[in-house]
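Enquirer: Below are the sequence and a predicted model; questions follow.
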Amino acid sequence: MWMALLALALVTAVTAVVVIKPDFAQPVLELFGLQAVEFEQADGAEDFADSGDVIPTEEEEAAEQEEWLRQHRTPLIARIGDVEFRSPIAPADLTGVLFHQASYDYALVFSTELPEADPEKALEKRSTRINHDQQEGEWLDAEALHIWRTTDTTPMDTSIDVGATAGTVVRSPVTGTVVLVVDYMLYDQVPDIRIHIQPDGAPDMDCVLIHTQDPLVKAGDRVEAGVTEISHVRDIQKDLIDVQLSFYTPEGVGGNHTHVQANDANAKGYRKERLPGAYKVED
């Protein structure tokens with residue numbers, strides 16, 4: 001028994017000598033044919049660096065995030081001033097892009113760098129050029145139609161119909177905050193959903209999407225342009241006839257789409273009529 005205790009005490013002493021390494025460590029270790037190993041204690045960032053890892057800088061993190069966004073977000077489809085609008089539909093799922101007049105004069109006018117499609121040729125061919133395999137490029141690689149509506153008197157390019165089949169994921173066209181998701185009656189007859197988003201840096205602008213279903217966001221949620229999934233395209237064709245985009249898409253594809261509009265939230269009566277109970281974005 002005492003031999004076992006002596007052996008245990010000896011092992012403990014040698015371990016302490018190896019780890020702590022007092023001045024007498026080496027002579028003691030030499031009795032056992034051992035060599036003391038010298039360790040330097042590191043703390044904080046030095047300890048982290050010794051593990052082989054590297055702490056990224058804020059600039060490196062920002063660059064990494066920007067690269068991720070470049071690879072995953074959808075391309076630009078329009079602008080209004082400094083506010084960028086990205087396609088709410090991924091290029092692979094796109095069936096067409098159609099700019100037209102909004103129904104109300106509080107809608108703002110979009111500008112776009114998408115090449116203009118010839119409406120007569122598009123009507124004859126029932127298609128427009130779309131690069132469904134687009135992987136790079138700041139702007140969407142597709143033609144856009146610009147079609148007047150005889151029933152509206154507002155300026156051209158105050159609304160965008162971005163086509164996709166029913167059930168396709170809809171992404172936020174702008175970076176900002178969702179302020180309202182509400183059910184309403186389209187043309188006072190057809191159930192539909194409005195998603196309202198206040199773009200960053202544009203507190204007087206209300207970006208609105210309609211003709212979607214199964215919303216994935218709620219008021220107060222932050223969204224990233226071209227990335228955040230917010231809803232799905234609904235089958236609006238089953239409730240409406242002569243959907244405009246359907247005349248410019250192949251047979252069987254149809255004209256289902258999400259409608260994107262940007263409104264002047266300071267227009268008379270707008271906030272009271274269109275944004276009752278909306279989430280207030282803090283400055």
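Expert: Arrived safely. Bear in mind that the values here come from a model prediction, so they are computed numbers and not experimental data.
Enquirer: Checking the residue nearest the centre of the chain next. Helix, strand or coil?
Expert: Against the mean C-alpha coordinate of the chain, by C-alpha atoms, centre = their mean, the closest residue is Val227 at 1.9 Å. Following DSSP: H, G, I helix; E, B strand; the rest coil, we place Val227 in the coil state.
Enquirer: and it, what does it touch?
Expert: For Val227, the contact set (C-beta atoms under 8 Å, 6 or more residues apart in numbering) comprises 69, 72-74, 171-172. Heads up, the C-betas are built off the backbone N, CA and C, glycines and all.
Enquirer: Could you check how far it is from Tyr270?
Expert: Distance from Val227 to Tyr270, counting by C-beta to C-beta, to the nearest Å: 28 Å.
Enquirer: and Phe85, what is it in contact with?
Expert: With C-beta under 8 Å, 6+ apart, Phe85 has these contacts: 76-79, 110, 160, 173-174, 207, 225, 260, 262.
Enquirer: Helices of the protein, start to end?
Expert: 2-20, 25-31, 45-50, 58-72, 119-125, 270-274 (DSSP state H).
Enquirer: Comparing these by mean pLDDT, which bottoms out?
Expert: The weakest mean pLDDT among these belongs to helix 2-20, with a mean of 46.
Enquirer: hang on, isn't His257 packed against Gly163?
Expert: Yes: at 4.3 Å, His257 and Gly163 qualify as touching, with contact defined as C-beta atoms under 8 Å.
Enquirer: For Gln213, give me its contacts.
Expert: So Gln213 contacts 193, 231-234 (C-beta under 8 Å, 6+ apart).
Enquirer: Next one: Val54, what pLDDT does it get?
Expert: The per-residue pLDDT reported for Val54 equals 81.
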